[in-house]
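What follows is a predicted structure for the sequence shown.
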Amino acid sequence: MTRTTQQWQAADSAHHLHPFTDFKSLAAKGSRVITRGENIYLWDSEGHQILDAMSGLWCVNLGYGRQELIDAATHQLKTLPFYNSFFQTTTPPAIELAELLAEVTPPQFKHVFFSGSGSEGNDTVVRLVRRYWDLMGKPKRDVIISRHNAYHGSTMAGASLGGMSGMHSQGGLPIPGIVHIQQPFWFEQGQGHTRDEFGVIAARWLEEKILAVGADRVAAFIGEPVQGAGGVIVPPDTYWPEIQRICDQYGILLVSDEVICGFGRTGRWFGCETFGFRPDLMTFAKGVTSGYIPLGGVMVGDRVARTMIDKGGEFAHGYTYSGHPVACAVGIASIRVLQREGLVDRVHDELGPHLAWHFSELADHPLVGEAQTCGMMGALQLVRDKATNAVFDPTLEVGMVCRGHCFANGLIMRAVGDRMIVAPPLVMTIGQLDEMAALIRRCLDLTLDALTRRGWV
Ligand code: PXG
């Protein structure tokens with residue numbers, strides 16, 4: 001059924017509560033209705049074409065309309081649309097995807113526990129970590145350390161692991177046993193040090209927290225290799241190796257949340273490979289199916305898997321959709337496309353460097369104080385005064401002004417505060433990257449004009 005935009009919007013605001021949304025202000029304004037996607041472009045209900053520089057929500061890494069993924073889902077829907085993996089049963093797609101994940105992940109990973117999303121995957125992480133230490137005879141080791149401005153999902157455990165103050169203030173979070181340290185955000189906290197010096201300083205905050213909590217109480221540390229929703233915060237090269245050293249020294253489990261960084265986004269299969277650390281557990285979602293269907297999970301490294309398998313006893317945890325056959329079939333198809341088209345190497349050798357080059361050019365723009373990229377993700381920090389890196393008053397919401405110009409000019413770019421971020425599909429051509437960079441520059445210029453007119457710069 002075709003409806004006008006206004007009709008869609010009226011029905012939407014009458015019945016649909018959107019995630020992370022002020023329902024009152026959205027109802028007054030009306031949603032943008034996205035009706036179609038092809039390759040890296042979307043179309044809205046007004047017929048506008050939009051370049052999707054966020055890959056949906058960091059997930060449509062292979063672009064829209066991939067026939068291989070559609071065929072895999074269709075075939076599986078016809079053959080067996082659902083069966084569970086409880087009660088000693090399984091299905092061929094779940095087995096084959098588990099096998100394939102063991103092949104493409106680092107060598108310590110031979111086992112996977114499936115979930116339906118990244119948030120659920122991180123709930124599973126909390127359960128696995130605590131079960132592991134119980135089995136090791138150390139049930140008091142139950143504290144998990146995470147970071148402020150981390151994003152690990154929106155379930156009670158996911159939001160607790162995350163470090164978003166706005167989420168913690170609603171609903172009495174974090175849950176007990178989860179504590180946070182500061183993030184490795186050089187622009188905000190490290191100026192005055194070199195990036196490399198700051199990386200070590202930021203990692204040592206973990207050691208300080210371990211000593212404050214008590215080393216015999218700490219179960220695990222969790223982090224995103226690059227913080228995504230927090231604003232594409234690329235840590236200094238020295239950060240993760242020092243985190244690894246500290247986790248090793250205190251025997252703490254290291255968890256890499258690869259929901260955004262996994263499956264090629266950083267130019268290696270997983271972000272931990274780009275940054276040189278060796279996690280015990282790895283959460284994934286999004287890119288595993290290129291976002292075509294919900295699927296997530298946790299890769300369980302030998303240290304934890306062997307303990308759970310060898311010691312035995314039921315792990316009392318699981319979801320109806322753990323190992324959903326249709327989702328797993330799409331996961332298999334999507335990993336096969338990444339392999340067949342050599343997309344991970346292409347991000348590493350060609351697309352990532354080209355994006356980095358564009359961002360280094362954009363760094364000259366008067367509004368840009370810092371430009372960072374890692375593989376196919378990038379951030380532009382907007383500043384009021386380029387010479388001093390003075391930032392804008394946050395209440396001005398300058399990032400939202402810029403995002404408004406992007407929306408109006410056919411570009412989807414996210415604003416996290418005054419940090420403008422992209423995570424484009426991994427299938428982009430060089431020409432499409434050039435087109436995206438030209439749009440970004442135009443939107444920065446329009447933003448500068450608007451801010452100048454308002455007297456804010
Ligand atoms: N971990 C990380 C690192 C994520 O980025 C999740 C876990 C949770 O995944 P699910 O599938 O439960 O949503 C995420 C999700 C944003 C934004 O505004 C980012 C995410 C989700 C929604 C919005 O950038 N990341």
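Good, I have the coordinates. No experiment lies behind these values; they were computed from the predicted model shown. Numbers count the residues shown, from 1 in each chain.

Poorly predicted segments of the stretch 301-450 of the chain, please.
For the stretch 301-450 of the chain, no stretch has pLDDT under 70.

what about the helices in it?
302-311, 325-340, 343-346, 352-362, 398-408, 430-454 (DSSP state H, counting those that start in this stretch).

To residue 35, which of these lies closest?
helix 398-408 (15.8 Å; Cβ to Cβ). Placement of C-beta: from N, CA and C, glycine included.

Tell me the residue of the stretch 1-150 of the chain that sits nearest the ligand?
Here the stretch 1-150 of the chain gets closest to the ligand at one residue, residue 118, 2.3 Å apart by Cβ to the nearest ligand atom.

What is the neighbour count of that residue?
By other Cβ atoms under 10 Å, the residues close to residue 118 number 30.

need the strands for the stretch 251-400 of the chain, in chain order.
All strands of the stretch 251-400 of the chain, identified by DSSP state E, counting those that start in this stretch, fall at 253-257, 281-284, 296-301, 368-374, 377-382.

Out of the helices of the stretch 301-450 of the chain, the one nearest residue 184 is which?
Closest approach to residue 184 among these (Cβ to Cβ): helix 352-362, 19.3 Å.

what residues does the closest one touch?
The contact list for helix 352-362 (Cβ atoms under 8 Å, 6 or more residues apart in numbering) reads 266-267, 368, 371-376, 378, 380, 424, 430, 433-434, 436-437, 440-441, 444.

Neighbours of the residue in the stretch 351-457 of the chain that the ligand sits nearest to, how many?
Scanning the stretch 351-457 of the chain for the residue nearest the ligand gives residue 414, at 6.0 Å (criterion: Cβ to the nearest ligand atom). For residue 414, the neighbour count with other Cβ under 10 Å is 21.

Equivalent analysis for residue 107, please.
Look at residue 107: counted by other Cβ under 10 Å, it has 9 neighbours.

which SSE is it in?
Counting by DSSP states H and E, there is no helix or strand that carries residue 107.

backbone phi and psi for residue 179, please?
phi -130, psi 160 (degrees, to the nearest 10).

Around the ligand, pick out the residues from the stretch 51-200 of the chain.
Contacts of the stretch 51-200 of the chain with the ligand, taken as Cβ under 6 Å from any ligand atom, map to 57, 117, 118, 119, 122, 151, 152, 153, 158.

So among the residues you listed, which ones count as buried?
117, 118, 119, 122, 151, 152, 153, 158 (16 or more other Cβ atoms under 10 Å).

pLDDT value on the second one, please?
When you say that, I think you mean residue 118. Residue-level confidence at residue 118 comes out at 98, pLDDT.

which of the residues in stretch 55-65 are buried?
Neighbour-count burial for stretch 55-65, counted by 16+ other Cβ under 10 Å, picks out 55, 56, 58, 59, 60, 61, 62, 63, 64.

mind listing what the fourth one touches?
Residues touching residue 59, when contacts are defined by Cβ under 8 Å, 6+ apart, comprise 285, 286, 287, 289, 290, 291.

which residues touch the second one?
So the one you mean is residue 286. By Cβ under 8 Å, 6+ apart, the contact set of residue 286 is 57, 58, 59, 61, 118, 259, 260, 262, 263, 296.

Also the last one?
Contacts for residue 291 were tallied using Cβ under 8 Å, 6+ apart; they are 55, 56, 57, 59, 60, 61.

go on, the third one?
For residue 287, the contact set (Cβ under 8 Å, 6+ apart) comprises 58, 59, 61, 260, 262, 263, 264, 265, 334.

Just flag the most distant two among those residues.
Largest pairwise distance in the contacts of residue 287, by Cβ to Cβ, is 15.5 Å, between 260 and 334.

interface residues of the stretch 251-400 of the chain facing the ligand?
Contacts of the stretch 251-400 of the chain with the ligand, taken as Cβ under 6 Å from any ligand atom, map to 257, 259, 260, 285, 296.

which two in those are spaced the farthest apart?
For these, and using Cβ to Cβ, no pair is farther apart than 260 and 296, which are 12.0 Å apart.

any idea which of the residues of the stretch 251-400 of the chain next to the ligand has the most stuff around it?
residue 257 (33 neighbours).

What residues are bridge-paired with it?
Taking DSSP bridges as the rule, residue 257 bridges to residue 283.
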